[in-house]
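Here's my sequence, what's the structure:
(chains A and B)
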Protein chains: 2
Amino acid sequence: MQYELFYWPGIQGRGEFVRLALEDAGAVYRDVAREAGGESALMALLDDKSLVRPPFAPPFLKAGEMLIGQTANILHFLGPRLGLAPEAEADRLWLHQLQLTVADVVAETHDSHHPVSVSEYYEDQREEAMRRSADFTASRIPKYLRYFENVLARNPSGMEWVIGSTASYVDLSLFQLLEGLHYAFPNAMARLAPALPHLESLRRRVAKRPRIAAYLKSERRLPFNEQGIFRRYPELDAT
Amino acid sequence: MQYELFYWPGIQGRGEFVRLALEDAGAVYRDVAREAGGESALMALLDDKSLVRPPFAPPFLKAGEMLIGQTANILHFLGPRLGLAPEAEADRLWLHQLQLTVADVVAETHDSHHPVSVSEYYEDQREEAMRRSADFTASRIPKYLRYFENVLARNPSGMEWVIGSTASYVDLSLFQLLEGLHYAFPNAMARLAPALPHLESLRRRVAKRPRIAAYLKSERRLPFNEQGIFRRYPELDAT
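Modelled structure (predicted):
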């Protein structure tokens, strides 16, 4: 199956969680909006009134006749097909539960720089962002990451991956979450990292996976930037 | 199967989306934290270091040996078992995609009164909440609800339910979302409702389902209040 991923072309954003799974599995896929004319194709799909099951927002994935939206839902679908999730229902639900918790951190990360309105500029909500980021870095990031650290520590098959003894799409997403948080909040993360040995080890382990390492060096990997979810605004990251 | 639901006892909150599905299906379930000593049982489970697959936060559902967290994940699991979702994978993914979009609105609703910090009082972030709620009622609620209105309008089996010609758990969740938004933002919703005929009709239709009607009149249905997700603060709802 050739997959077609639709996501905004200039940022990693939520699409990156899907890209990492496709890349790690060596799947054949088109990153449609990054091809010539592709952003128009994405917009046309969003506006297509003949779609019986329209997506609300990117990313969405075309897989044969199916058009699947919501990042975690896409990964739930792809997981077993890419060899990045077990087949058993209980295992799949557990991975999905973790992925939805990753999605919660991602949404809170976005709101750390846009606490008032997604449609207004950062500069017009900077003061609110400073208040929110202070709480996010002091309370929320530690709470979430300590949770994931515990999940790794409690995996009966070893502490390398969240489930079993091989990588799942959730491990790839945790890598991306950590990369993003380290990019956006280097000071806060430097303070926190020593308490997260399993997560930091997972982060290095994922980066070394051959297909991920090749992807990260390629032009397909967009750099983090200040239009995406993980943004580096020094005033939001107290020293 | 007797299900055990764990959720904070004093609010509808995210637990209510699960309750409505269990109630509509006439399922046998315990609402554990609302029983005597139940809140301690909930806290004990959250703190239980022997749990190999710990939940991050309520609600979570005990079903036999499984402990399932994340509202949308619980409903994804329950849907076909309660007769509130088709069995086919494509249909289940579509419903789940919609439910995750409901979850996104719910999270934004929470942030409309807590834009800065979940751990600080509303009164200490009221000004930020007023800015955020202005955007939420003017832009975000209309965008989400028009999307769901379109989903109903495009259902090839009729415009009564989001999928096929019978109610799914997503329809019950849309009922709850509408009830909550009407409670929290009566002015904004009064302006918007005329443009949402299918959704408003679905809302009335769900309320009349015999088991839902009985539930809504029972003591099991907690009233909306200002500790939950949908809060009525007049200053956040411009006339």
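
can you map out the strands along chain A?
Using DSSP state E, the strands assigned to chain A run over residues A:3-6, A:29-31, A:60-63, A:66-69.

quick one: the residue of chain A most remote from its centre and B:R154, what's the gap?
Seen from the C-alpha centroid of chain A, the residue lying at the greatest distance (CA atoms, centre = their mean) is A:S50, 29.9 Å away. Using CB to CB, to the nearest Å, A:S50 is found at 9 Å from B:R154. For glycine as for every other residue, the C-beta is placed from the backbone atoms N, C-alpha and C.

Report pLDDT for the residue farthest from the centre of chain A.
A:S50 is assigned 94 on the pLDDT scale.

residue contacts, it?
By CB atoms under 8 Å, 6 or more residues apart in numbering or on different chains, the contact set of A:S50 is empty.

separation between it and A:A184?
Note on A:S50: its distance to A:A184, by CB to CB, is 39 Å.

and if you look at A:V28?
Using CB to CB, we find A:V28 at a distance of 32 Å from A:A184.

For the two, indicate the residue with more neighbours.
A:A184 (26 against 9; other CB atoms under 10 Å in any protein chain shown).

what about the more buried one, distance to chain B?
Distance, A:A184 to chain B, by CB to the nearest CB, to the nearest Å: 18 Å.

ok, the nearest residue to that residue once chain neighbours are set aside to A:T71 distance?
Nearest in space to A:A184, with sequence neighbours left out and distances taken as CB to CB, 6 or more residues apart in numbering or on different chains, is A:F230 at 4.3 Å. Note on A:F230: its distance to A:T71, by CB to CB, is 15 Å.

ditto for A:R154
With CB to CB as the criterion, A:R154 and A:T71 are 25 Å apart.

who's more crowded, those two?
Per other CB under 10 Å, whichever of A:R154 and A:T71 has more neighbours is A:T71, with 27 against 15.

Show me what the longest helix anywhere in chain A is packed up against.
Longest helix in chain A, counting residues (DSSP state H): helix A:89-113. Judged by 3 or more CB pairs under 8 Å, 6 or more residues apart in numbering or on different chains; DSSP states H and E, helix A:89-113 is in contact with helix A:71-81, helix A:126-135, helix A:141-154, helix A:169-184, strand B:66-69, helix B:71-81, helix B:89-113.

in it, what's buried?
Residues A:90-113 are the ones in helix A:89-113 that count as buried (16 or more other CB atoms under 10 Å in any protein chain shown).

report the angle between the axes of that helix and helix B:126-135?
Interaxial angle, helix A:89-113 versus helix B:126-135 (axes from the mean of the first three to the mean of the last three CA atoms, to 10 degrees): 110 degrees.

can you tell me the average pLDDT over helix A:89-113?
For helix A:89-113, the per-residue pLDDT averages 98.

ok, now stretch A:159-173?
Average pLDDT, stretch A:159-173: 98.

That one spans what distance, first to last residue?
16 Å (CA to CA, to the nearest Å).

who's in contact with stretch A:110-126?
With contacts defined as CB under 8 Å, 6+ apart, stretch A:110-126 is touched by A:128-129, A:131-133, A:136, A:184, A:226, A:229, A:231, A:233, A:235-236, B:111, B:115-116, B:128, B:131-132, B:135, B:139-140.

meant to ask about stretch A:39-49
A:6-9, A:32-33, A:51, A:54-55, A:57-58, A:60, A:67.

Quick check: A:V18 touching A:K62?
No. When contacts are counted by CB atoms under 8 Å, A:V18 is not listed as touching A:K62 (11.9 Å).

circling back: can you lay out the strands of chain A as TSV showing mean neighbour count?
Converted to TSV, these look like this (neighbours: other CB atoms under 10 Å in any protein chain shown):
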stretch	mean neighbour count
strand A:3-6	22
strand A:29-31	17
strand A:60-63	22
strand A:66-69	21
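
Dump those to a markdown table, plus distance to chain B and mean pLDDT.
Formatted as a markdown table, the entries for the strands of chain A read as follows, by distance: least, CB to the nearest CB, whole Å; pLDDT from 0 to 100:
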| stretch | distance to chain B | mean pLDDT |
| --- | --- | --- |
| strand A:3-6 | 14 | 98 |
| strand A:29-31 | 18 | 98 |
| strand A:60-63 | 9 | 98 |
| strand A:66-69 | 5 | 97 |
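
Out of the ones you listed, the one nearest B:L84 is which?
Proximity to B:L84 (CB to CB) singles out strand A:66-69 among the strands of chain A, at 20.5 Å.

What strands line up against the closest one, and which way round?
Sheet partners assigned to strand A:66-69 using DSSP bridges are listed as strand A:60-63 (antiparallel).

Restrict the strand it pairs with to CA atoms and write it as PDB.
C-alpha atoms of strand A:60-63 as PDB (Å, rounded to 0.1, in the frame of the first residue of the first chain):
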ATOM      1  CA  PHE A  60      -4.900  13.100   7.500                       C
ATOM      2  CA  LEU A  61      -3.800  10.000   5.700                       C
ATOM      3  CA  LYS A  62      -5.100   8.400   2.500                       C
ATOM      4  CA  ALA A  63      -4.900   4.700   2.600                       C
END
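
roughly how far is that strand from the heart of the chain?
How far strand A:60-63 lies from its chain's middle: 17 Å, per CA atoms, centre = their mean, to the nearest Å.

Pull the residues that contact that strand.
Strand A:60-63 is contacted by residues A:1, A:3-6, A:18, A:45, A:67-69, A:74, A:77-78 when judged by CB under 8 Å, 6+ apart.

Pick the one among these closest to B:R205.
Proximity of those to B:R205 (CB to CB) peaks at A:G69, which lies at 25.4 Å.

what's near enough to touch the spatially closest residue to the closest one that is not a sequence neighbour?
Closest residue in space to A:G69, ignoring its immediate chain neighbours: A:P55 at 3.5 Å, by CB to CB, 6+ apart. Counting by CB under 8 Å, 6+ apart, A:P55 makes contact with A:L45, A:L46, A:L67, A:G69, B:Q97.

I'd like those as JSON lines, with distance to B:E39 appended.
What follows is the contacts of A:P55, written out as JSON lines (distance: CB to CB, whole Å):
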{"residue": "A:L45", "distance to B:E39": "47"}
{"residue": "A:L46", "distance to B:E39": "44"}
{"residue": "A:L67", "distance to B:E39": "43"}
{"residue": "A:G69", "distance to B:E39": "36"}
{"residue": "B:Q97", "distance to B:E39": "33"}
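
from those residues, which single one is nearest A:P86?
Nearest to A:P86 out of the contacts of A:P55 is B:Q97 (CB to CB; 22.1 Å).

Tell me how many other residues crowd A:T166.
Residues near A:T166, counting by other CB under 10 Å, number 12.

likewise A:M159?
By other CB under 10 Å, the residues close to A:M159 number 17.

so where's chain A shaky on pLDDT?
Residues of chain A meeting the criterion pLDDT under 70: none.

again, only this time at 90
Applying pLDDT under 90 to chain A flags residues A:1, A:117-120, A:238-239.

Next, the nearest residue to A:G15 once chain neighbours are set aside: phi, psi?
With CB to CB, 6+ apart as the measure, A:Y7 is the residue that lies nearest to A:G15, at 2.9 Å, once sequence neighbours are left out. Per-residue torsions, A:Y7: phi -160, psi 150 (degrees, to the nearest 10).
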